[in-house]
Each structure stands twice: as structure tokens, then as C-alpha cells.
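Colleague: Turn this into a model:
(one chain, ligands or ions: 1)
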Amino acid sequence: MPPSIAPVPPHVSRRRIVGNSLATYQWIASNSLSNWLADAKFVSHIQPVANLTTVPGAHAYRDCMTRYRLHYAPDNASIVIRLALEELGVGYDTCLVDRGASAQTGASYLALNPAGRIPTLETPDGPISETAAILLWLADRHGGLAPPAGAAERAAFLNWLFYLSNTVHPDLLVVFYIDRYGTTDAVDDIRARATARLLRAFAVLQTEARPRLEGWFCSPAPSALDLYLAAMLRWVRLYPRHACDWMDLSDFPDLHAMCTRLEQRQSVAALCKAEGMDPRPFTNPLPPNPPEGTAI
Ligand SMILES: N[C@@H](CCC(=O)N[C@@H](CS)C(=O)NCC(=O)O)C(=O)O
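Modeller: Next comes the predicted model:
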């Protein structure tokens with residue numbers, strides 16, 4: 001985040017923003033909206049960015065954004081988006097979400113992503129904060145990582161992308177944040193059921209998804225599905241530290257091979273450098289040693 005935060009001029013009120021005041025948009029155009037959002041004392045009287053951009057004529061936000069901004073924490077779901085941006089060769093800035101200070105639930109971050117989850121990508125069309133949604137939006141916008149709309153393979157691709165985000169990722173969250181899902185006496189049972197579902201999901205991905213997605217999953221060129229799944233295959237073997245030995249990647253040779261191929265990519269080298277990871281983050285995951293921030 002750039003250091004200077006310009007104050008909101010007194011004439012900029014919420015009513016005026018919603019009412020599409022020219023002065024407001026001129027002000028926004030000359031000051032980064034994100035800087036403004038970063039100053040929590042102003043958050044209470046502004047509209048979330050997503051609403052702001054739906055206001056007719058809210059072009060200034062689009063005009064003032066020249067680069068994407070990825071709100072990230074080391075080794076969080078933001079790594080999937082970092083990989084996608086790197087693969088697409090798109091310029092971006094990063095902004096650390098300080099998990100040590102629970103910044104993901106602070107007012108300025110919630111103004112961007114009311115769900116309080118990482119990642120969020122600020123785009124000229126407003127912030128997007130669900131991993132699969134960001135992947136799809138980037139793929140559509142920049143052409144790559146997914147079959148284009150209208151392609152025959154799009155249906156199967158969407159099927160399995162939603163499977164990753166609606167079925168696999170939520171079960172990972174059960175394992176990572178087990179205390180949110182039950183009382184102390186129940187967590188072992190909850191974990192056992194979630195890990196069993198995950199093992200089945202990985203098997204389904206290998207035996208059912210891969211043959212249906214020729215060219216778009218576990219293929220020579222990485223796709224959004226590969227990036228998303230590789231990250232999840234890493235996390236399950238790292239988090240939480242006291243209960244992460246329930247999966248052996250070699251039981252899933254096609255997924256293992258996909259991870260091995262991915263580790264040859266420049267995008268992964270960039271990720272490892274930026275977030276302090278060892279060079280085989282998917283086939284031999286080790287806890288990261290990030291230059292800033294913490295993973296959990
Ligand atoms: N549905 C979200 C889930 C993202 C998510 O849960 N991210 C984790 C980090 S990997 C997070 O924000 N955890 C912080 C918390 O739950 O407080 C997505 O697909 O992006």
C-alpha cells in the first residue's frame with residue numbers, strides 16, 4: 001500500500017457518492033480509492049467498492065486503476081491468484097493482509113471483502129474475493145488458464161472448478177479451522193470425516209475429472225484448475241501442523257505429476273521468492289519463511 005493517504009474532502013459524503021457527484025469522482029480519480037479505503041475512519045461513510053462501481057457513471061474508479069492489487073497473506077488462498085497473475089504475465093501490486101493482527105476482519109479490509117477472507121483482487125471492475133471467481137474473471141479477461149466462453153470444454157471445466165471451490169476447498173477449511181466446526185470432544189470425529197471426504201475428492205479428481213478435461217487439467221500447460229488444486233495439495237500436508245500427515249501425494253500419481261510439472265514454471269519460482277517457500281512447494285511442501293506477514 002503506498003504510504004500517503006489523502007484525506008476525504010469534507011464535501012464528499014456518502015449521499016454524494018451514491019448520487020454520482022462529479023466532484024466525488026474527480027476526487028476519487030486523483031486519489032487512489034484503496035488508499036482512501038485503507039483509512040478506517042472513513043470507512044463508515046462510504047459505499048463498498050462493489051456498490052460504488054454499480055453506480056451509473058462510476059467510471060473514475062476504472063480510470064484510476066492501472067494495475068491489479070492483490071491483497072494477500074503468505075501461503076493463503078492468495079497464492080492461487082498470485083500464480084494465475086504470474087502465468088498470465090499480468091502486472092500487479094500486492095498488499096499484505098496482516099493475519100497476525102487479524103487484519104482480514106478489520107474495517108478497511110471488510111470494506112473490500114465483507115466476508116473477511118483472503119484473497120481479494122482489486123480490479124478496474126471493483127474488488128473480487130472468491131478464489132474461483134477471481135480465476136475465472138482473470139481467465140476471461142486475459143485469455144488463458146481456462147477454455148473460453150463458448151468452447152465445448154467450458155462446461156466440464158466449470159463443473160470441476162466449482163467442485164474445487166464448493167466441495168474440496170470448504171472441506172479443507174474444516175480441517176484447518178476445526179474449532180469453528182464443533183466442540184473439543186467432537187473435533188477428532190469431524191476431522192476424520194472431512195479428511196475421508198477429501199481423500200475421496202482427490203481420487204475423483206484423478207480418475208474422473210482428469211479424463212474429462214483433456215488439455216485443461218493435469219496437462220502440459222497449467223490451467224486454473226491445476227493452480228487451485230496444487231495449492232490445496234500443498235496445504236493439506238502443512239496445516240494444521242499437529243494433524244497434517246493423513247495424505248500421501250504419491251497415492252495420486254496424476255496429481256503428483258501435475259505438481260511436479262508446475263514446479264518447473266517461472267510462476268512458481270516467483271511465488272517461492274515472494275512468499276519465502278522452498279523450491280518444491282507442492283511435491284515437498286515445507287513451512288514458508290515469508291519476508292513479511294504470517295501464514296496463519
Ligand atoms: N471461499 C473463499 C475462502 C477463502 C479463505 O477461507 N481464505 C482463508 C485463508 S486460505 C482465510 O481468509 N482465512 C482467514 C479466516 O478465516 O479468518 C475463497 O474461495 O476464496
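Colleague: close to the ligand, is the helix or strand where residue 159 lies?
Modeller: Assessed by DSSP states H and E, residue 159 sits inside helix 154-163. No: Helix 154-163 does not reach the ligand (C-beta under 6 Å from any ligand atom); its nearest approach is 11.0 Å. Where you see a C-beta, it was placed from the backbone N, CA and C, and this is true even at glycine.
Colleague: For that helix, buried residues please.
Modeller: For helix 154-163, burial by neighbour count (16 or more other C-beta atoms under 10 Å) applies to 156, 157, 160, 161, 163.
Colleague: roughly how far apart are the residue lying closest to the first one once chain neighbours are set aside and the ligand?
Modeller: Nearest-residue entry for residue 156: residue 212, 5.0 Å, with adjacent residues in sequence omitted and distances by C-beta to C-beta, 6 or more residues apart in numbering. In this view, residue 212 and the ligand are 22 Å apart by C-beta to the nearest ligand atom, to the nearest Å.
Colleague: Do you know the pLDDT at residue 212?
Modeller: Here the pLDDT value assigned to residue 212 is 95.
Colleague: same thing with residue 62?
Modeller: The model's pLDDT for residue 62 equals 53.
Colleague: pull the CA atoms of stretch 196-204 into PDB?
Modeller: Extracted in PDB, the C-alpha atoms of stretch 196-204 (Å, rounded to 0.1, in the frame of the first residue of the first chain):
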ATOM      1  CA  ALA A 196     -12.100 -39.100   4.300                       C
ATOM      2  CA  ARG A 197     -14.200 -36.800   2.100                       C
ATOM      3  CA  LEU A 198     -11.000 -35.100   0.900                       C
ATOM      4  CA  LEU A 199      -9.200 -38.300   0.100                       C
ATOM      5  CA  ARG A 200     -12.200 -39.400  -2.000                       C
ATOM      6  CA  ALA A 201     -12.300 -36.000  -3.700                       C
ATOM      7  CA  PHE A 202      -8.700 -36.300  -4.700                       C
ATOM      8  CA  ALA A 203      -9.400 -39.700  -6.100                       C
ATOM      9  CA  VAL A 204     -12.400 -38.400  -8.000                       C
END
